[in-house]
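[1] build me a structure from this.
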Amino acid sequence: MTDAKTLHIKFTDAELRRLAEQSVTHNVRDHRHPALHFRFGKDRSRGSWHVVRHVAGKSPSRKLGNWPDISAKTAIELLPKKLAELTADPSSIVAVSSWERVEDLLRWYADRIERTRKLSSKWKGTVRSLVACQLLPRVGSLSLQMVDRQALDDRLIWPMQEVRSLAYTRQAFGLIKKAFKQAAGLDMLSVNPLAEVVFSDFIDTPIRPKPCALRPHQLPDLVKRLSAEEVRQTSMCMLPLMMLCHATRISETRLAKWSNLTLEGEGEWFLPAADTKTDNDHRLPLTRHTVALLKAYRTRQKQAGYAGVYLFPRGDGDPITDNQAQEIIASLTAGEWTSHDLRKIARSMWLDLGVEYFIGEMLLNHAMDDLQAAYIHTHAETLKRDALERWHLWLEAQGLSFFAAETAPRRAAVETTTETNNGAA
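    Alright, predicted model coming up:
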């Protein structure tokens, strides 16, 4: 050891793994190969190889590649060749990866997604499916040197759009483009052939959002089913009801914790950034209707012997899985609509009830630019609460008896038909 920051060892993968767990040293060298340096990354399970060539009193460093993608043995074997290339042309690119085909890149990227803790299991499943069922069969065997617009059009975009939706085809393109971008950003690739490629290069047809499959005239029947005695204040009722009342995503709703609900005073539902799709904290007012509903639901849970953390627990105390949540919704729909349609119909009805556009966007936790945020910041919370009170009063007027049973509410301030509301707006 020459100083506290650099350690000399014999380069082997086993020794690097040992250091990763047992040492805080970041810089590592091997006396046998003075031109090859190793640096641990912030995530000590990974690191990078660097070629250092001493010329005229200077020691410029050029990245060779990442470990463990490039093993210690491979880095040592590559060193003489890379030194020779630098001697012939000091500006030559020495960075390498062990990849030869698009398959190698995709498997590397899919593994990174799988190991990223902050990503949802739903998104990880989507990536697994896209890679295994679409990208690998269509472009996996393509040489990395042959990737360009034409190859992507011939092998991925055009044949895929013939059998799958344009939205799904665009999602597949976006995934492979992001994989190339991340690999190039980490110097795993010397060049990103997709850097300037966009989906409209292949197809310029606008991709329209899928229309809501749940229509306003279906809501009275839905709330009647949610008010049925056999499901009142059970997860079979409360999960879709919380989504309908607040337009939250199913992934956000199933993770709701009692500790993030304020049921006294000005009620509030706090959704931490870790639980939201946008990675932003989200605060939703709880109206007197939903406060009463939640109190009754909590009482019922305790009577049944559950006093745990989650609103929607499974048998082991953890929250229900995404699949279990989807099954609850599917039991109501007969395949006619999905959980996301609850969010869509709420957004549509807010417009009919005269809720300001920006307030609707805030309630949905959609990203807004700084100007929009500044415009509505002052009175946002009051306007959000007013919007949800209008919505919940409208649902009550359609027959949602949970509210009437628990709150003895005043006369609805909102009429019972969207036609009347549109006229008032």
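
[2] alpha carbons only for contacts and neighbour counts from here, please
    Will do.

[3] now for the closest residue in space to Phe180 that isn't next to it in sequence: which residues touch it?
    With sequence-adjacent residues excluded and distances taken as Cα to Cα, 6 or more residues apart in numbering, Phe180 is closest to Asn192, at 6.1 Å. Shown in contact with Asn192 (Cα atoms under 8 Å, 6 or more residues apart in numbering): 180-181, 184.

[4] doesn't Asn192 lie inside a helix?
    No: Asn192 is assigned coil when assessed by DSSP: H, G, I helix; E, B strand; the rest coil, not a helix.

[5] any idea of the pLDDT on it?
    Note for Asn192: predicted pLDDT of 89.

[6] for it, give me phi and psi.
    Dihedral angles of Asn192 (phi, psi; degrees, to the nearest 10) stand at phi -100, psi 100.

[7] wait, doesn't Glu389 sit right on Thr287?
    Yes: with contact defined as Cα atoms under 8 Å, Glu389 counts as touching Thr287 (6.1 Å).

[8] point to the helix or strand of this protein where mean pLDDT is at its lowest.
    Least confident helix or strand of the chain, by mean pLDDT, DSSP states H and E, is helix 418-424 with a mean of 38.

[9] from Lys177, how far off is the residue nearest to Phe180?
    Distance, Asn192 to Lys177, using Cα to Cα, to the nearest Å: 9 Å.

[10] one more: Ala110?
    Distance, Ala110 to Lys177, by Cα to Cα: 13 Å.

[11] for Asn260, grab the count of nearby residues.
    15 (other Cα atoms under 10 Å).

[12] how about the contacts made by it?
    269-271 are the contacts of Asn260 under Cα under 8 Å, 6+ apart.

[13] max-length helix in this structure?
    helix 166-185 (DSSP state H).

[14] please enumerate the strands of the stretch 51-200 of the chain.
    Secondary structure of the stretch 51-200 of the chain (DSSP state E, counting those that start in this stretch): strands at 61-67.

[15] okay, helices next: where are they in it?
    For the stretch 51-200 of the chain, the helices defined by DSSP state H, counting those that start in this stretch occupy 72-88, 102-114, 121-130, 136-139, 149-152, 158-163, 166-185.

[16] quick check: buried residues in the next helix or strand after the last one?
    Under the assignment DSSP states H and E, the closest C-terminal helix or strand after helix 166-185 is helix 219-226. Buried positions in helix 219-226, judged by neighbour count with 16 or more other Cα atoms under 10 Å: 219-220, 222-223, 225-226.

[17] Cys245: which of those residues is nearest?
    Using Cα to Cα, Val223 comes nearest to Cys245 of the buried residues of helix 219-226, at 10.9 Å.

[18] quick one, grab the pLDDT at Ser98.
    Ser98 is given a pLDDT of 66.

[19] now do the contacts for Val102.
    Here Val102 is in contact with 139-144 (Cα under 8 Å, 6+ apart).

[20] go again using 6 Å as the cut-off
    Residues counted as contacts of Val102 (Cα atoms under 6 Å, 6 or more residues apart in numbering) are 140, 142, 144.

[21] tell me the pLDDT at the residue lying closest to it once chain neighbours are set aside?
    With Cα to Cα, 6+ apart as the criterion, Val102 has its nearest non-adjacent residue at 5.0 Å, and that residue is Gly140. For Gly140, the pLDDT comes out at 95.

[22] quick one: Gly140 from Glu196, how far?
    21 Å.

[23] more neighbours: which of those two?
    Between Gly140 and Glu196, counted using other Cα under 10 Å, the more crowded position is Gly140 (20 against 9).

[24] hmm, back to that, looking at the contacts of Asn260, which is nearest Lys81?
    Once Cα to Cα is applied, the member of the contacts of Asn260 that ends up nearest Lys81 is Leu271, at 54.4 Å.

[25] tally of neighbours for the spatially closest residue to the closest one that is not a sequence neighbour?
    Closest residue to Leu271 apart from its sequence neighbours, by Cα to Cα, 6+ apart: His282 at 5.0 Å. Each residue near His282 was counted by other Cα under 10 Å, and the total is 18.

[26] quick one: pLDDT of His282?
    We note a pLDDT of 91 for His282 in this prediction.

[27] try Thr378
    54.

[28] swap in the one 3 residues further on?
    Glu381 carries a pLDDT score of 82 in this model.

[29] once you drop chain neighbours, what's closest to it?
    Here the residue nearest Glu381, using Cα to Cα, 6+ apart, is Pro285, at 7.7 Å.

[30] look up how far Met236 lies from the one you found.
    To Met236, Pro285 is 23 Å away according to Cα to Cα.

[31] the strand or helix carrying Leu395 to helix 219-226, inter-axis angle?
    Applying DSSP H and E as the criterion places Leu395 in helix 380-397. With axes from the mean of the first three to the mean of the last three Cα atoms, to 10 degrees as the basis, helix 380-397 and helix 219-226 are set at 80 degrees to each other.

[32] got the buried residues for helix 380-397?
    So for helix 380-397, counting by 16+ other Cα under 10 Å, buried means 380-381, 383-397.

[33] return the distance of Asp69 relative to Asp104.
    Per Cα to Cα, Asp69 is found 11 Å from Asp104.

[34] Thr262 against Phe270, yeah?
    No: at 8.3 Å, Thr262 does not count as touching Phe270 under the criterion of Cα atoms under 6 Å.

[35] neighbour count: these two, which is higher?
    Phe270 (19 against 15).

[36] pull the contacting residues for that one.
    260, 282-283.

[37] endpoints of stretch 151-165, how far apart?
    Stretch 151-165 has an end-to-end distance of 20 Å (Cα to Cα).

[38] run through the protein and note the low-pLDDT ranges.
    Counting by pLDDT under 70, the chain contains low-confidence ranges at 1-4, 57, 93, 95-98, 187, 190, 229-232, 368-379, 401-425.
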